[in-house]
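J.: here is my input; please provide its structure:
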Amino acid sequence: MPKSLRSSLVPGLAVAATLALTGGVLATPAAAAETAKKPKFDINQIGYNQAMRSGAIEWYAEIPRQLPQNLGYARVALVKDIQEQSPRCIADGAGYWLDDILEEGVLKGGAAPIGEGQTATDASPYDNPTIHREFRPAGEAAGGASSDRKPQFPANGNGPLWTSKCNPDFFGGSGTGDTINASGVRIAGSSVTSQVDPATGIYTSTGRAYITGINGAFDTITSLMQVTHVPSQEPKVTYRMSFFDSSASNSAFASDGVTFFGSAVPASELVDQFNSQSASFSQSASALGPAGLQILSPQVYADQDNGLTTITAPAAAGNLGFAARAGTIGQNFGARFATITWWGDNVNADAL
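T.: Below is the predicted model of the structure:
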């Protein structure tokens, strides 16, 4: 409104004129702030498929795909489709696990021909005797072989501890697989705890793996990896891996050990961050001790089956490949110690 017009009107008429010139709507600071406010977060607009597994010892074979088999095993998988009202949780803790393909597809119900009048279970009655599993929600959604399972002998912590639990709202869960005095390893185990915050959609999962008493090699190896994944953003990784050897003659670690670590490292920078840190440790790439173990840098890659981003924490490993199989199927297999692997995706519908 021109200054001459404003000054010629009495206060009441000035307000009326202003309303007329603005279409009858008088903007206020409060209304402007309301317009700029972000829409309220809605967990129903988030879809995720995320899992973490850990193992005190993980044997693997490339034939040509990898088949990871774990001693002292834990895993938590959290799944939710966009607009799905109820999320899903699968939590495992076990003394050992031979990979889903072998456990569920080959040994359990698929290893033998099914005769007339038999069920798959009749033909192949194998069922892992150490697995503790919770699958939520229960009932039809669990689907037969994926329903709850319990160890076939006591495993409540007075010796082995194999247990798992899904949270009541199914947005989180935990698993523990602790084995004591197995195969010359005095203490070995791992655990995973995972959670999605329904108020933000942020996923956080922490895995721990530990092993002590490896004769002729390290006294202790411990590993921790935490993955934080904000919807539609790159996951970030915090990790810490420690080695300790009480005998300086057995390895380069002497009696004070060594630790590798990183905090909130973007997945795309994880390998470079680890390599730049380990470069100062001259023995990191050489064989250590009579077991011939090596320190492997973390790995970030696309899963061979579903293409999901996969992150494997740094680990000690030994290659057990046979020279006679060089260039053929099964040429490379070995073992990783105190290993943790995460894979997943976390998507906001607005980003699709």
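
J.: Leu107 touches Asp100, doesn't it?
T.: No: with the criterion set as CB atoms under 8 Å, Leu107 and Asp100 do not qualify as a contacting pair; they are 10.8 Å apart. No exception for glycine: its C-beta is placed from N, CA and C like everyone else's.

J.: of these two, who's got more company?
T.: For Leu107 and Asp100, the more surrounded residue by other CB atoms under 10 Å is Leu107, and the numbers stand at 17 against 12.

J.: and that one, what pLDDT?
T.: Looking at Leu107, its pLDDT stands at 75.

J.: could you find the closest non-adjacent residue to it?
T.: Tyr126 (4.4 Å; CB to CB, 6 or more residues apart in numbering).

J.: quick one: the one you found and Arg53, what's the gap?
T.: Here Tyr126 is placed at a distance of 21 Å from Arg53 (CB to CB, to the nearest Å).

J.: quick one: which of the two has more around it?
T.: Here Tyr126 and Arg53 are compared on neighbour count by other CB under 10 Å; more neighbours surround Arg53, at 25 against 16.

J.: element containing the more buried one, please.
T.: Taking DSSP states H and E as the criterion, the element that holds Arg53 is strand 46-62.

J.: send the alpha carbons of that strand over as CSV?
T.: As requested, C-alpha coordinates have been extracted for strand 46-62 and formatted as CSV (Å, rounded to 0.1, in the frame of the first residue of the first chain):
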residue,chain,number,x,y,z
ILE,A,46,9.9,-46.5,6.3
GLY,A,47,10.9,-49.9,4.9
TYR,A,48,14.0,-51.8,6.0
ASN,A,49,15.6,-55.2,5.7
GLN,A,50,18.7,-55.4,8.0
ALA,A,51,20.6,-58.2,9.7
MET,A,52,23.8,-58.7,11.6
ARG,A,53,25.5,-62.0,12.4
SER,A,54,28.5,-62.7,14.5
GLY,A,55,30.7,-65.7,15.2
ALA,A,56,33.7,-66.6,17.4
ILE,A,57,35.0,-68.7,14.5
GLU,A,58,33.6,-68.6,11.0
TRP,A,59,34.6,-71.2,8.5
TYR,A,60,33.9,-70.2,4.9
ALA,A,61,34.1,-71.9,1.5
GLU,A,62,33.9,-70.4,-2.0
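
J.: packing partners of it?
T.: strand 69-80, strand 172-182, strand 185-196, strand 203-212, strand 220-229, strand 332-348 (3 or more CB pairs under 8 Å, 6 or more residues apart in numbering; DSSP states H and E).

J.: can you list the ones you listed in JSON lines and add mean neighbour count?
T.: As requested, the helices and strands packed on strand 46-62 are arranged in JSON lines below (neighbours: other CB atoms under 10 Å):
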{"stretch": "strand 69-80", "mean neighbour count": "26"}
{"stretch": "strand 172-182", "mean neighbour count": "23"}
{"stretch": "strand 185-196", "mean neighbour count": "23"}
{"stretch": "strand 203-212", "mean neighbour count": "24"}
{"stretch": "strand 220-229", "mean neighbour count": "22"}
{"stretch": "strand 332-348", "mean neighbour count": "23"}
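
J.: so which of those strands is nearest Thr312?
T.: Ranking the helices and strands packed on strand 46-62 by distance to Thr312, with CB to CB as the measure, places strand 332-348 first at 4.6 Å.

J.: name the helices or strands packed onto the closest one?
T.: Other elements packing on strand 332-348 under the criterion 3+ CB pairs under 8 Å, 6+ apart are strand 46-62, strand 185-196, strand 203-212, strand 220-229, strand 309-312, strand 315-319.

J.: save those strands as JSON lines, and put in mean pLDDT and distance to Gly93 too.
T.: Listed next are those as JSON lines, based on pLDDT from 0 to 100; distance: least, CB to CB, whole Å:
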{"stretch": "strand 46-62", "mean pLDDT": "90", "distance to Gly93": "10"}
{"stretch": "strand 185-196", "mean pLDDT": "88", "distance to Gly93": "8"}
{"stretch": "strand 203-212", "mean pLDDT": "94", "distance to Gly93": "12"}
{"stretch": "strand 220-229", "mean pLDDT": "93", "distance to Gly93": "17"}
{"stretch": "strand 309-312", "mean pLDDT": "93", "distance to Gly93": "20"}
{"stretch": "strand 315-319", "mean pLDDT": "70", "distance to Gly93": "20"}
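
J.: quick one, what contacts Thr206?
T.: Under the criterion of CB atoms under 8 Å, 6 or more residues apart in numbering, the neighbours of Thr206 are 192-194, 224-226.

J.: redo that, cut-off 6 Å
T.: 193, 226 (CB atoms under 6 Å, 6 or more residues apart in numbering).

J.: who's it bridged to?
T.: On DSSP bridges, the residues paired with Thr206 through beta bridges are Thr193, Gln226.

J.: same question, Arg75
T.: Beta bridges link Arg75 to Arg53, Asp92 when assigned by DSSP bridges.

J.: any idea how far it lies from Trp342?
T.: Separation of Arg75 from Trp342 (CB to CB) stands at 10 Å.

J.: also Cys166?
T.: Counting by CB to CB - Cys166 and Trp342 are separated by 18 Å.

J.: just Asn156 next, same as before
T.: Going from Asn156 to Trp342 by CB to CB gives 28 Å.

J.: show the pLDDT at Phe138.
T.: Careful, residue 138 is Ala; it's not Phe. Per-residue pLDDT puts Ala138 at 74.

J.: domains of this protein?
T.: 3-36, 43-351 (automatic domain parsing).

J.: lowest average pLDDT across these?
T.: Across the domains of the chain, the stretch with the lowest average pLDDT is domain 3-36; it has a mean of 43.
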